[in-house]
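Trainee: heads up, no residue letters with this:
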């Protein structure tokens, strides 16, 4: 009798263990699935995941600070002066186009003087507020928009003596009316900033440039 009870008790315990194990296995089977993104690489499917952005901060060196200051100064100067250079370019290119059809020197001079008054009215007040540095950038940008340096422009419209006088004054301000514009080399940074300004404000290139 006692043996039978032991056998029944053992059977109950065994059944309980097996039942618990089966339930645990079923629960584990239902809850242990982890979905992963995968990628096929060289014929093998391997899991992959996108990591969160890692931000690294560092203090600028003194040289980097100087370069950043120089760039910001240049960028500001281009933003300030490019609209003036563009307006000047449109007017000067129009003057050049009109002068091609005027042969008499007296008529040419009369026409130039009339447009000269227009230029003074348009630019005298804003240009007097520019710094010397901004003035240098403006001269480069006028060269860009017209294809001619400021010395040649003044020489054509006001005469060689006046051009030399302006060149002398520019020299004392550490500037040069004859400075070129080289978008591929020395002035490539200015050119990039000009293109940035054009995209931002919807400017297109001045289509017609006349040589003096």
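Mentor: Right, received. Where do you want to start? On a predicted model such as this, the values are computed, not experimentally measured, just so you know.
Trainee: Just to be sure, residue 38 is in a strand?
Mentor: Yes: counting by DSSP: H, G, I helix; E, B strand; the rest coil, residue 38 is part of a strand.
Trainee: ranges for the strands of the chain?
Mentor: Applying DSSP state E to the chain gives strands spanning 37-41, 44-48.
Trainee: Can you lay out those as a markdown table showing mean neighbour count?
Mentor: All C-beta spots, glycine's among them, are computed from the backbone N, C-alpha and C. Conversion of the strands of the chain to a markdown table gives the following (neighbours: other CB atoms under 10 Å):
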| stretch | mean neighbour count |
| --- | --- |
| strand 37-41 | 9 |
| strand 44-48 | 9 |
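Trainee: could I get those strands as JSON lines with distance to residue 96 and mean pLDDT?
Mentor: Shown next, in JSON lines, are the strands of the chain (distance: least, CB to CB, whole Å; pLDDT from 0 to 100):
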{"stretch": "strand 37-41", "distance to residue 96": "61", "mean pLDDT": "84"}
{"stretch": "strand 44-48", "distance to residue 96": "62", "mean pLDDT": "86"}
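Trainee: Could you point out the longest helix of this protein?
Mentor: helix 62-99 (DSSP state H).
Trainee: Quick one: the strands of the chain as CSV, columns for distance to residue 204 too.
Mentor: Output for the strands of the chain, formatted as CSV (distance: least, CB to CB, whole Å):
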stretch, distance to residue 204
strand 37-41, 45
strand 44-48, 45
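Trainee: Great, nothing more from me.
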